[in-house]
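# the sequence isn't on hand, but the structure is:
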Ligand SMILES: O=C(O)c1ccccc1NCC(=O)[C@H](O)[C@H](O)COP(=O)(O)O
C-alpha cells in the first residue's frame, strides 16, 4: 500500500514524512515564472536521501517551464492534475493535448514516472460524466492514476480550489466509481480526495487501491480550526499511515 502525502515544500518536512513511513512525498510548483526554488530542490534531494519517492505537480501548462523544472529537480514522478472535464471546447480535444504533454515528458524524461489525476464526482453525483472513458484515454501514457474529488454544484462543474485543476478539496469522491477505476486499470490507482486518519481504512476496503493520498485532512489547523496549506500535522500523518497499513493488511493487500 503506497502512502502519498502532499504539500511538502521544505527539507525538514520531507525528512519528517519519510520517518513517518510516507512513500510518495508530493510538492507543488504554483507558477511557471517561479518554478526554480532552491529550497524545493533541497526538499527533493532530502526525499531521495531518505529513501522515499518525490512527486512534483506543475500548476501550469507551459511545456518549456515544465521541462526546465524536471531537468532541474529530477523528481521521481510528475503529477498532472487537470480537471479536463471543464474544457470549454469539450473534454476530448483537451484530453488529446494533455496526452501530447505526457508523451513529450515521457520522451524527454523516460526516467520520470507520470501520475495522472482522474476527476471523480462526489458520492451519488455526476453519474453521466465520462470518468472511466477519460481514464482509458490516459492509461497508455501514465504510470499511476490518482482518483480525486471533482466538485460539482447541481451536477454542474463548479470552480475547484485551484481553478483548472482537481484536488485539495478535503471532500471524498464517489468510492464506487473509484473502485471501478481501480478494477479496470492495468496501472496502479492511488485513492485521494478528503482522506483522513478517520476514513482511510474504509476507503482502502471500499476501493482496493494500490495506494492512498492525503493533503487537507492531514494538514495542521489554525486557531479557527481551518486547515493550513503547506503545513502538515505529523500526528495526523502518523495515524493516517497506521490506519491505511492496518486496513491493507486486513484486506490481504
Ligand atoms: O497539493 C496541492 O497543492 C494540489 C493543488 C492542486 C491540485 C492537486 C494538488 N495536490 C494533489 C494531491 O494528490 C492531493 O493530495 C489530493 O488532491 C488530495 O487532496 P485532499 O482532498 O486535500 O486530501
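The structure has been received and is ready for your questions. These figures come from a predicted structure and were not determined experimentally.
# please tell me the pLDDT value assigned to the closest residue to residue 119 other than its chain neighbours.
Distances taken as Cβ to Cβ, 6 or more residues apart in numbering place residue 150 nearest to residue 119, at 3.7 Å, with adjacent residues excluded. Using the backbone N, CA and C atoms, a C-beta is placed for each residue, glycine as well. Per-residue pLDDT puts residue 150 at 97.
# cool, and residue 24?
pLDDT, residue 24: 98.
# surely it meets residue 56?
No - assessed by Cβ atoms under 8 Å, residue 24 is found out of contact with residue 56, at 10.9 Å.
# okay, and the common contacts of those two?
Shared contacts of residue 24 and residue 56 (Cβ atoms under 8 Å, 6 or more residues apart in numbering): residue 77.
# residues near whichever residue of the stretch 101-250 of the chain sits closest to the ligand, how many?
Among all residues of the stretch 101-250 of the chain, residue 167 sits closest to the ligand, at 2.4 Å; criterion: Cβ to the nearest ligand atom. Residues within reach of residue 167, counting by other Cβ atoms under 10 Å, total 25.
# what sits against it?
Taking Cβ under 8 Å, 6+ apart, one finds 6, 81, 117, 148, 149, 160, 161, 192, 193, 215 in contact with residue 167.
# now do the contacts for the second one.
Put plainly, it is residue 81. Neighbours of residue 81 in contact, by Cβ under 8 Å, 6+ apart: 57, 59, 117, 146, 148, 162, 165, 166, 167.
# how does it look with 6 Å?
Taking Cβ atoms under 6 Å, 6 or more residues apart in numbering, we find residue 81 in contact with 57, 117, 165, 166, 167.
# and the second one, how far is that from residue 79?
Yep, that's residue 117 we're talking about. For residue 117, the distance to residue 79 equals 7 Å [Cβ to Cβ, to the nearest Å].
# the more surrounded of these two?
With neighbours defined as other Cβ under 10 Å, residue 117 and residue 79 compare such that residue 117 has more, 28 against 25.
# return the distance of the residue lying closest to the more buried one once chain neighbours are set aside relative to the ligand.
For residue 117, ignoring the flanking residues on the chain, the nearest one in space by Cβ to Cβ, 6+ apart is residue 81 at 4.3 Å. To the ligand, residue 81 is 4 Å away according to Cβ to the nearest ligand atom, to the nearest Å.
# phi and psi next, for residue 81.
Dihedral angles of residue 81 (phi, psi; degrees, to the nearest 10) stand at phi -120, psi 30.
# separation between it and residue 19?
Remark: distance between residue 81 and residue 19 (Cβ to Cβ) = 27 Å.
# buried sites along stretch 98-117?
For stretch 98-117, burial by neighbour count (16 or more other Cβ atoms under 10 Å) applies to 98-99, 101-102, 105-106, 109, 112-117.
# and the two most separated of the residues you listed?
Spatial extent of the buried residues of stretch 98-117 (Cβ to Cβ) is set by the pair 109 and 117 at 18.9 Å.
# burial measure for the closest residue to residue 158 other than its chain neighbours, as a count.
Excluding its sequence neighbours, the residue lying closest to residue 158 (Cβ to Cβ, 6+ apart) is residue 151, at 5.2 Å. Here the count is done by other Cβ under 10 Å, and residue 151 has 20 residues near it.
# the one 5 residues further on now?
By the measure other Cβ under 10 Å, the count of residues near residue 156 is 8.
# run through the bridge partners of it.
For residue 156, the beta-bridge partners are residue 153 (DSSP bridges).
# so how far is residue 118 from it?
Distance of residue 156 to residue 118, given as Cβ to Cβ: 19 Å.
# may I ask which helix or strand of this protein has the lowest mean pLDDT?
strand 156-157 (a mean of 84; mean pLDDT, DSSP states H and E).
# any idea of the mean pLDDT in the strand or helix carrying residue 237?
Following DSSP states H and E, the helix or strand that holds residue 237 is helix 234-250. The average of the pLDDT scores along helix 234-250 is 98.
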